[in-house]
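K.L.:
fold the following.
(chains A and B)
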Amino acid sequence: DGGITQSPKYLFRKEGQNVTLSCEQNLNHDAMYWYRQDPGQGLRLIYYSQIVNDFQKGDIAEGYSVSREKKESFPLTVTSAQKNPTAFYLCASNGGTNTEAFFGQGTRLTVV
Amino acid sequence: KQEVTQIPAALSVPEGENLVLNCSFTDSAIYNLQWFRQDPGKGLTSLLLIQSSQREQTSGRLNASLDKSSGRSTLYIAASQPGDSATYLCAVIRQGGSEKLVFGKGTKLTVNP
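P.N.:
Here you go, the predicted structure:
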């Protein structure tokens, strides 16, 4: 089945710790995105990548980092510099500006 | 900067009612508009994609229209069912920019049996 897989579904982070969220797609899409969702805030763009080995900051990139070494993978690292990381993180991909975007099932990150 | 607004923020209707969800955007230069559904604690499921050259798209009981000149889209749901209860989001990709999806905050729909 084609789609986007995010893992893990739930993640717990201790203060001062870096954690990495995985996003893999087998749709052969060029573009991939990371969003953060908080109650009442809607979806906010963290980073996006339109091609392998290239990515751009979104609206709330501070405290996050990404890599795009392979077309099918776009991992997101939440660093210790992100002061309020507790949120629901969503990964998406599409094949270009006039194509449908698809989302993964999300990762819920909680600081303990 | 492209901004997307969805009204109302929440809507509660009895089962069987036809309903309309609204989405407006500030910059009419878009590639496309996409409607999504989100169930609690889940990812987004794509419902309909309307390209900028199209006026509407239909899928089953869903019909989405697009009026680029006025910066508006509507999602029409016919004969609503309790299983339609979810949050509905619209998103646009703006032309000439970074080609990223810009989302509204969504409309939370509750269909009561």
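K.L.:
confidence score at residue 109?
P.N.:
Using chain A. At A:Leu109, the pLDDT value in this model is 96.
K.L.:
look at chain B instead
P.N.:
Reported pLDDT for B:Leu109: 98.
K.L.:
just B:Gly96 next, same as before
P.N.:
67.
K.L.:
I'd like the distance from stretch B:81-89 to the chain centre, please.
P.N.:
For stretch B:81-89, the separation from the chain centroid amounts to 12 Å (computed by C-alpha atoms, centre = their mean, to the nearest Å).
K.L.:
now do stretch B:106-113
P.N.:
That offset, for stretch B:106-113, works out to 13 Å (C-alpha atoms, centre = their mean).
K.L.:
where does chain B have low pLDDT?
P.N.:
B:96-99 (pLDDT under 70).
K.L.:
in chain A, where's the longest strand?
P.N.:
Once chain A is assigned using DSSP state E, the strand that runs over the most residues is strand A:42-51.
K.L.:
that one vs chain B: in contact?
P.N.:
Yes - using C-beta under 8 Å from any C-beta of the partner chain, strand A:42-51 comes into contact with chain B via A:42-43, A:45, A:48, A:50. Just so you know, the C-beta spots here come from the backbone N, C-alpha and C atoms, and that holds for glycine as well.
K.L.:
got these as CSV, with pLDDT columns?
P.N.:
As requested, the residues of strand A:42-51 next to chain B are arranged in CSV below (pLDDT from 0 to 100):
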residue, pLDDT
A:Gly42, 85
A:Leu43, 93
A:Leu45, 93
A:Tyr48, 94
A:Gln50, 91
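K.L.:
what about stretch A:53-71, start to end distance?
P.N.:
Stretch A:53-71 has an end-to-end distance of 9 Å (C-alpha to C-alpha, to the nearest Å).
K.L.:
same deal with stretch B:88-102?
P.N.:
Start and end residues of stretch B:88-102 are separated by 14 Å (C-alpha to C-alpha).
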